[in-house]
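Peer 1: Structural data only, the sequence is not supplied:
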């Protein structure tokens, strides 16, 4: 499978995928599932969303503070992630939508994680590369080809 993010649609497409996903903090798997949602938007590597139940108990902590707004999905809530013992906090490492717009209602309460904020995100056994930049949360795999929004090598996309 070979995909080009330039061919992804705008507004974004949602895909429910059956496949292996793992998220690590240090050597601990803090989330694991065999199903996830991909959100595919023009010039973005897919953002990956998983059910809250995929997270190990004690690793997911809702944050307070100012939410952000997505023109397609609505107001985002942010999440801190930790190891199951509460240590090694990763602040605002994930986000979700409690009341997404109708078109994106399947994302309700599912959580996406910024790969740059944890020690490993894996899809189908492959360690993903974080999307360039500090703002975006895309998951880059060997089958997803850029250029990507946020990459300083491509200022026309920033």
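Peer 2: That came through fine. Note that the coordinates shown come from a computational prediction; the quantities given were computed from them, not determined experimentally.

Peer 1: drop to CA atoms for contacts and neighbour counts, all remaining ones
Peer 2: Noted.

Peer 1: can you map out the strands along this protein?
Peer 2: 3-4, 13-25, 28-40, 47-50, 60-62, 68-70, 74-81, 90-96, 111-113, 120-123, 126-127, 129-130, 139-140, 144-145 (DSSP state E).

Peer 1: Now do residue 139 against residue 31, distance only.
Peer 2: 15 Å (Cα to Cα, to the nearest Å).

Peer 1: So the two - more neighbours on which side?
Peer 2: residue 139 (25 against 21; other Cα atoms under 10 Å).

Peer 1: Tell me who's in contact with the residue nearest the centre of the chain.
Peer 2: Geometric centre of the chain, nearest residue: residue 112, 3.5 Å, by Cα atoms, centre = their mean. Contacts for residue 112 (Cα atoms under 8 Å, 6 or more residues apart in numbering) come out as 47-50, 94-96, 137.

Peer 1: Which members of those define the maximum pairwise distance?
Peer 2: 50 and 137 (13.6 Å; Cα to Cα).

Peer 1: in this structure, which segments are predicted with low confidence?
Peer 2: By pLDDT under 70, the weakly predicted segments of the chain are 158.

Peer 1: Can you point out the buried residues in stretch 52-69?
Peer 2: 54-56, 59-61, 63 (16 or more other Cα atoms under 10 Å).

Peer 1: nope, stretch 78-93 is what I meant
Peer 2: Those would be 78-84, 89-90, 92-93, for stretch 78-93 by 16+ other Cα under 10 Å.

Peer 1: same check, this time on stretch 27-42
Peer 2: Buried-residue list, stretch 27-42, by 16+ other Cα under 10 Å: 29-33, 35-42.

Peer 1: Reformat these as a markdown table; add distance to residue 19.
Peer 2: Formatted as a markdown table, those follow (distance: Cα to Cα, whole Å):
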| residue | distance to residue 19 |
| --- | --- |
| 29 | 16 |
| 30 | 17 |
| 31 | 14 |
| 32 | 10 |
| 33 | 8 |
| 35 | 5 |
| 36 | 7 |
| 37 | 10 |
| 38 | 11 |
| 39 | 15 |
| 40 | 16 |
| 41 | 20 |
| 42 | 23 |
